[in-house]
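# sequence first, then the predicted structure, then my questions.
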Amino acid sequence: MPDRDLEVGPALLDWYDRHRRVLPWRSAPGAASDPYAVWLSEIMLQQTTVAAVKPYFAAFLAAWPTVRDLAAAPLDDILKAWAGLGYYSRARNLHACARAIVDQHGGRFPPDEVGLRSLPGIGPYTAAAIAAIAFGQRAVVVDGNVERVMARLCAVEEPLPAARPRLHAAMNRVTPQSRTGDFAQAVMDLGATICTPRSPACVLCPLIALCDARRLGLQADLPRKSKKAKVPQRGGAVFIVHRSDGCVLVRQRPPEGLFGGMTEFPSTPWTEQHDAEHSPTRPVGLEKLEGPFVPVGTVEHGLTHFHLTLHVYAIRTDRQSFEGCRWIAVDALAGEALPTLMRKVARFAQGLNSETSTLANTPEPEPQITLPVQSDCPKINLPHPKSQAPNEFRTRHMPQRGRSRTTPSA
Ligand code: SF4
């Protein structure tokens, strides 16, 4: 093993002891961490920022202080608490994992990577992170930050994702035999604060004398990435069906699949063939709705495998029941398990309601768990179905001010 690999651990650990980020799920350097807190934070941090996770982590620990509490909670409560964090299969796996730990492991996390990987929702990265950080095992922990640091430290010019095995091997070479969890967190912190994607601050870096990319002047060019395939586009129509008492119609998605078990406004299927130039067909369960749909705006949303454009329509009705749907007050939407996509749609529902709406007067913290509100949420004057003859509304008449931009979360 070259001497450089042996020097990385001590240099980074010394830096970590003085400059580590203080995070709510972390213990002091050298101290053991709570496996439940490490697991919860690692699941939440997948595809999400530290700033976004902090309030969710605090809310989960307050509601369910132990893994046994989480296992005993109804899945619906967990989905509601998770709403807005994205990638909702993580919340379902969180619940399944908590139950497996209680049912199969006596309420204690397995202390090694093999045992951890047998649990729902725990893959190689998360298993290594928990084993190293919570149990002090020597495990090789590689996330996106670590990949970037290793690509630069070793000047790996092969593009990602093909370079992953080499970057994992590089991390394995430099990982010390002791304080493995602190070392992994040190590399993550270095990647998050100094060896950042753009403009790495090499003059502040504890590895500057050891770094090949810095020596070769390649630090801003690495890691290289293969060109991404074009993201498929899909479209659909979503409907805000509302009553004069301020209630809107919602339904629950099937338990499996995208947004499984979460609350949504009724919509057509999301397809690549969606034609925004024609007025929408009524979705399943709403075939008997009378009166015109009024186009009120468009929602753009980036999902893992496609980009979605939803055309939002509103209709007022006096009918009391619709198959598979339920009525809910607009103000109560904040307590529903709405995925971020549907929270964007909910802003239009809020615009249909009175100005005294709780939602309308709720400031938008960032990040937050309660439903966000746009200050320019459109106010829409809808015709009552009895006051206007049925008509065909085409999307080219759609007002543009309610357009919402894409956020990269599911
Ligand atoms: S010297 Fe620069 S490129 Fe190398 S690890 Fe440090 S911050 Fe990253």
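Received the coordinates, thanks. Residues are numbered from 1 along each chain as shown.
# relative to the whole chain's centre, how far out is stretch 201-210?
Centre-to-centre, stretch 201-210 and its host chain are 32 Å apart (CA atoms, centre = their mean, to the nearest Å).
# that one and the ligand, are they touching?
Yes - interface with the ligand: stretch 201-210 contributes 202, 205, 207-208 (CB under 6 Å from any ligand atom). For the C-beta atoms, the positions are set from N, CA and C on the backbone; glycine is no exception.
# state the mean pLDDT of that stretch.
Taken as a whole, stretch 201-210 has a mean pLDDT of 97.
# now do stretch 339-350
90.
# what does this structure have sitting close to the ligand?
149, 152-153, 194-195, 200, 202, 205, 207-208, 211, 213-214, 219.
# as a markdown table, those with secondary structure would be great.
Output for the residues of the chain next to the ligand, formatted as a markdown table (DSSP: H, G, I helix; E, B strand; the rest coil):
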| residue | secondary structure |
| --- | --- |
| Val149 | helix |
| Arg152 | helix |
| Leu153 | helix |
| Ile194 | coil |
| Cys195 | coil |
| Pro200 | coil |
| Cys202 | helix |
| Cys205 | coil |
| Leu207 | coil |
| Ile208 | helix |
| Cys211 | coil |
| Ala213 | helix |
| Arg214 | helix |
| Gln219 | coil |
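# most neighbours, which of those residues?
Highest neighbour count within those: Val149, with 32 neighbours (other CB atoms under 10 Å).
# you'd agree that one is up against Ile194?
No - counting by CB atoms under 8 Å, Val149 does not reach Ile194; the two are 9.2 Å apart.
# contacts made by stretch 188-199 with the rest, please.
Outside of stretch 188-199, the residues within contact range by CB atoms under 8 Å, 6 or more residues apart in numbering are 12, 15-16, 19-21, 50, 141, 143-146, 148-149, 152, 200-202, 204-207, 220.
# just the buried residues out of those residues, in ChimeraX syntax.
Listed next is the ChimeraX selection for buried residues among these, using 16 or more other CB atoms under 10 Å:
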select :12,15,16,20,50,141,143,145,146,148,149,152,200,202,205,206,207
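# helices - which of the contacts of stretch 188-199 land there?
12, 15-16, 19, 50, 144-146, 148-149, 152 (DSSP state H).
# dump the helix or strand in which Ala98 is found to CSV, restricted to CA.
Using DSSP states H and E, Ala98 maps to helix 89-105. C-alpha atoms of helix 89-105 as CSV (Å, rounded to 0.1, in the frame of the first residue of the first chain):
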residue,chain,number,x,y,z
SER,A,89,-41.1,4.0,-1.0
ARG,A,90,-38.5,4.9,1.7
ALA,A,91,-41.3,5.6,4.2
ARG,A,92,-43.0,2.3,3.5
ASN,A,93,-39.6,0.5,3.8
LEU,A,94,-38.9,2.4,7.0
HIS,A,95,-42.0,0.9,8.6
ALA,A,96,-41.4,-2.6,7.2
CYS,A,97,-37.8,-2.4,8.5
ALA,A,98,-38.8,-1.3,12.0
ARG,A,99,-41.3,-4.2,12.2
ALA,A,100,-38.7,-6.7,11.0
ILE,A,101,-36.2,-5.4,13.6
VAL,A,102,-38.9,-5.9,16.3
ASP,A,103,-40.3,-9.2,15.1
GLN,A,104,-37.1,-10.9,14.0
HIS,A,105,-34.3,-9.2,16.0
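# now do that helix: distance to the chain's middle.
Using CA atoms, centre = their mean, the offset of helix 89-105 from its chain centre is 19 Å.
# what helices and strands are in contact with that helix?
Packing partners of helix 89-105 (3 or more CB pairs under 8 Å, 6 or more residues apart in numbering; DSSP states H and E): helix 35-45, helix 67-72, helix 75-82.
# mind putting those helices into JSON lines with mean neighbour count and mean pLDDT?
JSON lines is the format used below for those (neighbours: other CB atoms under 10 Å; pLDDT from 0 to 100):
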{"stretch": "helix 35-45", "mean neighbour count": "23", "mean pLDDT": "96"}
{"stretch": "helix 67-72", "mean neighbour count": "18", "mean pLDDT": "98"}
{"stretch": "helix 75-82", "mean neighbour count": "19", "mean pLDDT": "93"}
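# put together TSV for those helices, with distance to His105 on each row.
Shown next, in TSV, are those (distance: least, CB to CB, whole Å):
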stretch	distance to His105
helix 35-45	11
helix 67-72	10
helix 75-82	19
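# quick one: closest of those to Pro292.
helix 75-82 (33.4 Å; CB to CB).
# off-centre distance for that closest one?
Using CA atoms, centre = their mean, the offset of helix 75-82 from its chain centre is 14 Å.
# report all helices and strands that that helix contacts.
helix 50-63, helix 89-105.
# list of residues touching the last one?
Residues external to helix 89-105 that are found in contact with it (CB under 8 Å, 6+ apart): 39-40, 43-44, 46, 67-68, 70-71, 73, 75, 78-79, 82, 85, 107-109, 115, 119-122, 260-261.
# over to the first one?
Taking contacts as CB under 8 Å, 6+ apart, the residues outside helix 50-63 that touch it are 21, 23-25, 37, 40-41, 44-45, 69-70, 73, 77, 81-82, 85, 192, 367-369.
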